[in-house]
Each structure stands twice: as structure tokens, then as C-alpha cells.
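J.: sequence and computational prediction follow.
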Amino acid sequence: MAISVTESAANRVQTFLESRGKGIGLRLGVRTSGCSGMAYILEFVDELNEEDQVFEEFGVKIIIDPKSLAYMDGTELDFAKEGLNEGFKFNNPNVKSECGCGESFNV
């Protein structure tokens with residue numbers, strides 16, 4: 001099981017951590033929400049939990065709990081700018097469908 005990060009996303013995470021002034025990485029997860037069933041969550045991590053899985057690429061640590069990893073295995077976290085919009089994108093091979101607004105997904 002694995003999570004990967006593009007260089008663009010790693011650079012953005014590093015910028016956020018530096019401006020925040022603390023933190024060991026970024027937590028990825030899922031929660032029940034939205035019209036399709038599940039939504040992604042992103043949080044800064046100051047302390048690891050015992051069950052956390054840690055993936056590191058381009059000098060940035062991505063932390064995920066085992067329950068979320070089951071839904072996100074193989075996901076690539078990217079950061080993209082499209083016109084005036086910018087944000088993190090989840091390229092998750094497990095997604096079967098997404099809602100029209102792009103806020104939630106189903107596996």
C-alpha cells in the first residue's frame with residue numbers, strides 16, 4: 001500500500017509547513033460526507049499516532065491512518081494551478097464515481 005506525491009504538491013506542502021513554523025507533515029484521510037459518500041481531509045501533523053503510516057517523497061512526509069489508506073491506496077497527491085484556481089488534486093485509482101461538485105467520491 002502506498003501514497004505518492006508530485007514534486008509540485010511536495011513544494012506546496014513544504015511552503016505551508018514553513019509558513020506555519022511547525023509540523024512534521026501533512027495528514028491525508030477520508031471521512032463520510034457529501035453526496036457521493038466520502039470526502040478527503042488534509043491536516044497538518046505535529047505528532048504521529050501509533051497506527052499512522054508515513055510516506056515520504058521530495059522531503060515531505062505524508063501521514064495516513066490505516067482506515068483511510070484502504071480507500072486511498074495508490075493515490076497520487078498533486079497540486080495544480082488552472083487559471084485563477086489552484087489546489088490539491090487527488091488522483092485516486094479506487095474512485096468509482098464522484099459528485100458533480102467534485103467534493104466527494106465513492107469507492
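T.: Great, that's in hand. Numbers count the residues shown, from 1 in each chain.

J.: where are the low-confidence patches of this protein?
T.: 1, 34-36, 97-107 (pLDDT under 70).

J.: please redo it, this time with the cut-off set to 80
T.: Low-confidence segments of the chain (pLDDT under 80): 1, 33-37, 96-107.

J.: just so I have it, where are all the strands in it?
T.: Using DSSP state E, the strands assigned to the chain run over residues 4-5, 25-33, 37-45, 53-57, 60-64, 76-82, 85-91, 97-98, 105-106.

J.: count of neighbours near the residue nearest to residue 47 when sequence neighbours are not counted?
T.: Leaving aside its sequence neighbours, residue 47 sits nearest to residue 24 (CB to CB, 6 or more residues apart in numbering; 7.7 Å). Yep, even glycine has a C-beta here, placed from its N, CA and C like the rest. Using other CB atoms under 10 Å, residue 24 is surrounded by 15 other residues.

J.: who are the contact partners of residue 24?
T.: 45, 46, 47, 48, 61, 63 (CB atoms under 8 Å, 6 or more residues apart in numbering).
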